[in-house]
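> got a predicted model here, sequence first, then my questions.
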Amino acid sequence: MPLDPPLSALLDQLNATPAPRIRDTDPEELRKAQRQLGAGLPAPETPAVGSVEDASVPGPARDIPVRVYRPATDGPVPTVVFFHGGGWITGDLDSHDDVTRRLCRDVEAVVVAVDYRLAPEHPFPAAYDDCLAAARHIADHIADYGARPDRLALAGDSAGANLAAAVALAFRDEHRPLAAQLLVYPATDFDGTYPSRTENAAGYLLSRQDVLDLQTLYAGDDPAVRACARVSPLRADSHAGLAPAVIATAQYDPLRDEGDAYAAALTRAGVDVFARTYDGLIHAFLHLTRLSPAADEAVTELHAQLKTRLA
């Protein structure tokens with residue numbers, strides 16, 4: 001399917017100015033560029049939620065900042081712990097504020113967004129350790145976050161989806177109940193060879209070289225580290241017993257095939273999986289719903305699938 005026309009126009013604009021290589025750029029400059037890119041997109045309608053509160057939870061190295069979104073719904077509701085994307089080196093609570101507000105509104109759940117430590121200042125396992133600690137704390141204090149212990153989910157996009165998948169594996173191994181996981185264009189295999197990495201190598205916002213650089217800045221070059229399930233969830237010894245999964249990939253994304261491979265691996269292991277590759281879309285479409293009706297429809301479907309699993 002052809003590239004979605006509004007996204008094609010956006011890419012024409014972005015590709016007119018070549019971006020510097022990630023590994024050669026100061027991380028703070030990358031974070032600044034991400035904020036500027038977000039500011040240049042059409043302003044989204046701010047989804048209405050019941051309340052928003054900045055707080056913190058205990059972490060392995062510091063208190064971890066979180067932002068708690070509560071729906072207008074009365075009574076106990078499901079809880080979604082959300083890990084933002086940004087290649088493990090950019091992103092924060094503000095970069096995904098509209099994403100998490102909409103998730104709260106659409107799913108009618110408490111959403112707890114986690115501001116984990118970023119690479120390269122804090123390489124693996126810092127982000128993973130923070131996300132696991134935050135998810136454990138929320139699960140152990142569920143009365144403060146939605147109050148339904150049987151309806152806890154993990155969610156994330158891109159690097160955040162990688163972290164959500166890895167934490168879901170840990171929850172399974174710890175026999176902690178988890179009702180669902182929402183993984184949007186997840187990175188699942190650091191050293192695999194996939195056609196989408198070549199087909200979508202350049203020109204689609206996230207390049208093949210970007211993926212290689214980001215993964216190295218996060219997890220380094222040690223093959224044993226890169227292949228462990230905490231970094232490459234697709235390489236886990238078993239995927240049996242994992243929480244039901246909603247997995248989304250985009251046609252024009254270098255991460256497409258490894259996300260599809262993860263959905264297939266979970267399906268083979270007997271996990272309930274809703275998987276969809278969204279034709280015409282690119283990486284980061286969660287942020288492009290105001291620009292692209294097709295992206296908006298995709299997010300609506302994903303949230304409906306998650307809500308069904310949390311009902």
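Sure, I can see it.
> what separates the residue nearest to Gly203 when sequence neighbours are not counted from Ala295, distance-wise?
Nearest residue to Gly203 in three dimensions, chain neighbours excluded: Asn15, at 5.8 Å (C-beta to C-beta, 6 or more residues apart in numbering). In short, each C-beta sits where N, CA and C put it, glycine included. Separation of Asn15 from Ala295 (C-beta to C-beta, to the nearest Å) stands at 19 Å.
> those two: which has the busier surroundings?
Legend: neighbour count by other C-beta atoms under 10 Å for Asn15 and Ala295, higher for Ala295 (24 against 13).
> I figured that one hits His283, correct?
No - if you go by C-beta atoms under 8 Å, Ala295 and His283 don't touch, sitting 11.2 Å apart.
> immediately after the helix or strand Phe82 falls within, which helix or strand?
If you go by DSSP states H and E, Phe82 is part of strand 77-83. Where DSSP H and E defines the elements, the next helix or strand beyond strand 77-83 is helix 97-107.
> pull the number of nearby residues for the closest residue to Arg105 other than its chain neighbours.
Nearest residue to Arg105, sequence neighbours excluded (C-beta to C-beta, 6+ apart): Pro47, at 4.3 Å. Number of residues near Pro47 (other C-beta under 10 Å) recorded here: 16.
> any idea of the pLDDT on Pro47?
On pLDDT, Pro47 comes in at 88.
> do a quick rundown of the helices in the stretch 51-200 of the chain.
Ranges of helices within the stretch 51-200 of the chain are 97-107, 126-140, 159-173, 195-199, based on DSSP state H, counting those that start in this stretch.
> quick one: those as TSV, columns for distance to Ala33 too.
Shown next, in TSV, are those (distance: least, C-beta to C-beta, whole Å):
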stretch	distance to Ala33
helix 97-107	18
helix 126-140	20
helix 159-173	16
helix 195-199	23
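> make TSV out of these and add mean pLDDT.
As requested, the helices of the stretch 51-200 of the chain are exported to TSV (pLDDT from 0 to 100):
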stretch	mean pLDDT
helix 97-107	97
helix 126-140	98
helix 159-173	98
helix 195-199	98
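> pick the most deeply packed of those helices.
helix 159-173 (a mean of 25; mean count of other C-beta atoms under 10 Å).
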